[in-house]
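[1] here is my input, please return the structure:
(one chain, ligands or ions: 2)
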Amino acid sequence: MIKIEDLVVSYGGIEALKGISLEVPSGKIVTLVGANGAGKSTTLKSIVGLVKVKSGTIDYEGCDLTKLSTEHMVKKGIALVPEGRRVFSDLTVLENLKIGAYSRKDTKGIAEDLEKVYSLFPRLKERTWQLSGTLSGGEQQMLAIGRALMSRPKLIMMDEPSLGLAPIIVKELFGIIQKINKEGMTVLLIEQNANAALKIADLGYIMETGKITLKGTGKELLSNEDIKKAYLGETAK
Ligand SMILES: Nc1ncnc2c1ncn2[C@@H]1O[C@H](COP(=O)(O)OP(=O)(O)OP(=O)(O)O)[C@@H](O)[C@H]1O
Ligand SMILES: [Mg+2]
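    Numbering: from 1, shown residues only. Ligands and ions are numbered 1, 2, ... in the order given. A predicted model of the protein is given here:
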């Protein structure tokens, strides 16, 4: 679905991505794992056109994303759940979800998707009229994902959805990500929680200071000794 080749991005004179290549096959869960500053968010931002690409290509279903404006991404079926669950705090849960569907006109489809989001996240349904700023961290993350789903994307990309959440909520959230994927959506998941991410991923990439250093199935990477030492130490339970 997405094929990135030799992607280079620099901020000022500093290269944040030093020629990375990666693929997200249709229908799969792919995870990109790496430490702080490795370039994970930059990779996502270059896919949606939020940072300028210096060289390299990003192909999405045969079209070159480096030449497409950010506004076109939603129409193309790409949704991004950005870092730090940015929901509109002064708006209710329902208003936030409706914003996710802003580019659509199919009222019936929107109503169906709202029911789908509410069935995936019953907690959001209970809190339909609550101001989003008063939701717990986990609930806000669910809302951020729900809002992205309201655009009925083909590809959903999430930037560290587990950040700051208790292990039990992370488990619940990743179960829901698997469910979304089983219903046909392709997922690109960025995570520092390598253990949880690799467990549900079909394919994983390890990123270090602007480079992809390792690629494999989730299972292969989970059992890789170097990965265990570097990323699974504390969290491998
Ligand atoms: N707007 C910017 N201006 C200058 N440097 C930037 C900018 N955004 C990111 N960088 C730098 O690029 C590198 C990669 O950043 P990026 O946000 O992609 O990392 P990350 O892997 O997402 O890290 P984290 O896990 O902490 O979110 C970092 O060294 C960062 O300081
Ligand atoms: Mg980041």
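[2] quick one: list the elements packing against the lowest-mean-pLDDT helix or strand in the chain.
    For the chain, counting by mean pLDDT, DSSP states H and E, helix 70-75 ranks last in confidence among helices and strands (a mean of 79). Helices and strands touching helix 70-75, as assessed by 3 or more CB pairs under 8 Å, 6 or more residues apart in numbering; DSSP states H and E, are absent. The way it works is simple: take the backbone N, C-alpha and C, and place the C-beta from them, glycine included.
[3] residue nearest the centroid of this structure?
    By CA atoms, centre = their mean, the mean C-alpha position of the chain lies nearest to residue 158, the distance being 1.4 Å.
[4] ok, now how distant is that one from residue 12?
    When CB to CB, to the nearest Å is the yardstick, residue 158 and residue 12 sit 28 Å from each other.
[5] got it, and residue 222?
    37 Å.
[6] neighbour count for those two, which is higher?
    Of the pair residue 222 and residue 12, residue 222 is the one with more neighbours under other CB atoms under 10 Å, namely 20 against 6.
[7] so the host helix or strand of residue 198, near ligand 1 or not?
    Residue 198 is located in helix 194-200, with elements delineated by DSSP states H and E. No. Residues of helix 194-200 contacting ligand 1 under CB under 6 Å from any ligand atom: none, with a closest distance of 11.7 Å.
[8] what comes up buried for whichever helix in the chain runs longest?
    Of all the elements of type helix in the chain, the one with the most residues (DSSP state H) is helix 167-182. Of all the residues in helix 167-182, those buried under the rule 16 or more other CB atoms under 10 Å are 169-170, 173-174, 176-177, 180-181.
[9] for stretch 90-98, same thing?
    Of the residues in stretch 90-98, 93-94, 96-97 count as buried by neighbour count, 16+ other CB under 10 Å.
[10] contacts for that stretch, please.
    By CB atoms under 8 Å, 6 or more residues apart in numbering, the surrounding residues in contact with stretch 90-98 are 87-88, 99, 110, 114, 117, 124, 127-133, 135, 143, 146-147, 150.
[11] what do you get if the cut-off is 10 Å, keeping everything else the same?
    87-89, 99, 110, 113-114, 117-118, 121, 123-133, 135, 139-140, 142-144, 146-147, 149-150 (CB atoms under 10 Å, 6 or more residues apart in numbering).
[12] how far away is the nearest residue in space to residue 222 that is not next to it in sequence from residue 161?
    Leaving out its chain neighbours, the residue that sits closest to residue 222 by CB to CB, 6 or more residues apart in numbering is residue 198, at 4.8 Å. The spacing between residue 198 and residue 161, counted by CB to CB, is 15 Å.
[13] show the pLDDT at residue 122.
    Per-residue confidence at residue 122 stands at 94 (pLDDT).
[14] list the residues that contact the residue lying closest to residue 99 once chain neighbours are set aside.
    Here the nearest residue to residue 99 in space, its sequence neighbours aside, is residue 147; by CB to CB, 6+ apart that works out to 6.4 Å. By CB under 10 Å, 6+ apart, the contact set of residue 147 is 79, 81, 85-88, 93, 96-101, 117, 124, 132.
[15] following the one helix or strand residue 147 maps to, which helix or strand comes up?
    Element membership of residue 147, judged by DSSP H and E, is helix 137-149. Under the assignment DSSP H and E, the closest C-terminal helix or strand after helix 137-149 is strand 155-159.
[16] number of residues surrounding the residue in the chain that ligand 2 sits nearest to?
    Among the residues of the chain, residue 41 lies closest to ligand 2, at 3.1 Å counting by CB to the ion. Other residues lying near residue 41 total 18 when counted by other CB under 10 Å.
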